Every structure is written in C-alpha cells, then in structure tokens.
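Enquirer: The following comprises the amino acid sequence and a computationally predicted model.
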Amino acid sequence: MGFDTEPTGYRKTILSDLHGTWQCLRQEVAENPGFDGWQRALFHIAEAMRWESVHNLRPMKRSLLLVLNILQQAGVPDGVAECLDAVTALMDETLEALARGELG
C-alpha cells in the first residue's frame with residue numbers, strides 16, 4: 001500500500017488571499033471591541049475562516065452575509081469597515097473566478 005506524500009510546494013491562489021482578508025477583518029474586530037455585536041461578528045468570522053469554508057465557499061458566503069448584517073448596523077470603526085469592504089470585494093472576485101472555472 002502506498003502513502004500519500006505531502007506536497008513540497010504550494011501555489012498561492014485567490015483562496016489564500018481571501019483567507020488572509022478574513023484574518024485582517026478578525027484582527028480589526030478583536031482590536032476594536034465594544035461596539036454592538038462585536039462578539040457575534042467574531043464567531044461568524046471564525047466560521048468563515050475554517051478550511052472547510054475555504055474549500056466550499058457556500059458556508060463562507062453565508063457567514064459573510066451574517067457579518068455584513070451585524071457590522072453594518074453597529075457603527076464600526078473605520079478600520080473594521082475597510083477590512084469588511086476588502087473581504088466583500090475579494091469574495092465577489094473569488095466567486096466570479098469559481099464561476100469561470102478557474103478554481104477547479
């Protein structure tokens with residue numbers, strides 16, 4: 001019986017960029033607590049960052065909608081809003097790339 005070997009090189013993809021923007025959003029929310037819903041937002045951000053969500057974008061999109069709803073109603077600091085915009089834009093770009101068959 002053969003064993004699978006771990007790849008030695010990894011290709012950076014839009015999925016790793018997307019995961020990175022979620023990390024930035026999480027950090028901004030964690031560094032600026034106190035606004036209404038910040039703890040709920042952190043929970044849904046963590047859900048979106050799970051590798052299962054990165055490999056199946058449907059749960060990530062659901063998490064993004066929940067985070068958008070929470071944060072847009074909360075009057076968040078500018079840094080959080082900027083990170084949220086970055087996640088939203090890259091999510092749209094990623095879904096377009098998926099639709100074109102570029103992530104398969």
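Expert: That came in fine, so what should we check first? Residues are numbered from 1 along each chain as shown.
Enquirer: which is the next helix or strand following the helix-or-strand element of the chain with minimal mean pLDDT?
Expert: Ranking every helix and strand in the chain by mean pLDDT, DSSP states H and E puts helix 51-55 at the bottom, with a mean of 83. Heading C-terminal from helix 51-55, the first helix or strand you meet, by DSSP states H and E, is helix 57-72.
Enquirer: quick revisit: any buried residues in the least confident helix or strand of the chain, and which?
Expert: Neighbour counts over helix 51-55 (16 or more other Cβ atoms under 10 Å) mark Ser53, Val54 as buried. Heads up, the C-betas are built off the backbone N, CA and C, glycines and all.
Enquirer: Quick check, Gln73 in contact with Phe35.
Expert: No - counting by Cβ atoms under 8 Å, Gln73 stays clear of Phe35, with 9.8 Å between them.
Enquirer: Asp103 and Val54: what is the separation?
Expert: In this structure residue 103 is Leu, not Asp. According to Cβ to Cβ, to the nearest Å, Leu103 stands 11 Å off from Val54.
Enquirer: any residues in contact with both of these two?
Expert: Leu15 (Cβ atoms under 8 Å, 6 or more residues apart in numbering).
Enquirer: Which helix or which strand is home to the residue sitting nearest the centre point of the chain?
Expert: Residue closest to the average C-alpha location in the chain (Cα atoms, centre = their mean): Trp22, at 3.6 Å. Here Trp22 is covered by helix 14-31, with elements defined by DSSP H and E.
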